[in-house]
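[1] Model the following, please.
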Amino acid sequence: MDTNPRIIGVAMKFLITITQDEDGMFVAECPSIPGCVSQGKTSEEAEQNIQEAIQECLAVRAERGLPLTVTVREVEVPV
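    The predicted model follows:
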């Protein structure tokens, strides 16, 4: 019997960042999920890959009883 709770049919929104590294790969990160990183040859591919990574990271965090996300805040810094 499967005892892992699953949420089906629910969508969550996440902020992601996409940067291009020195090798030309696009690196995508989800700041609200520690360690949730992926990459792709294009920014579109990186975005698709981070969506899959987010799903996997959420599943692992749920399995381990960790909070699904951490708080992400926006701050203003004079430059």
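
[2] Where does pLDDT dip in this structure?
    Within the chain, the stretches with pLDDT under 70 are 1-9.

[3] how about the helices in it?
    43-63 (DSSP state H).

[4] how many neighbours does Pro31 have?
    Neighbour count of Pro31, defined by other CB atoms under 10 Å: 14. Every residue, glycine included, has its C-beta placed from N, CA and C.

[5] Isn't Leu58 up against Leu68?
    Yes: judged on CB atoms under 8 Å, Leu58 makes contact with Leu68 at a distance of 5.5 Å.

[6] Those two: who's more crowded?
    Neighbour comparison, Leu58 and Leu68: the larger count goes to Leu58, with 19 against 14 (by other CB under 10 Å).

[7] ok, back up a step: need the residues touching each of Leu58 and Leu68.
    Counting by CB atoms under 8 Å, 6 or more residues apart in numbering, the shared contacts of Leu58 and Leu68 are Ile33.

[8] all strands of this protein, in order?
    17-20, 26-29, 37-40 (DSSP state E).

[9] Show the contacting residues for the spatially closest residue to Pro34 that is not a sequence neighbour.
    Distances taken as CB to CB, 6 or more residues apart in numbering put Val70 closest to Pro34, at 6.2 Å, once the chain neighbours are dropped. Contact analysis of Val70 by CB under 8 Å, 6+ apart lists 32-34.
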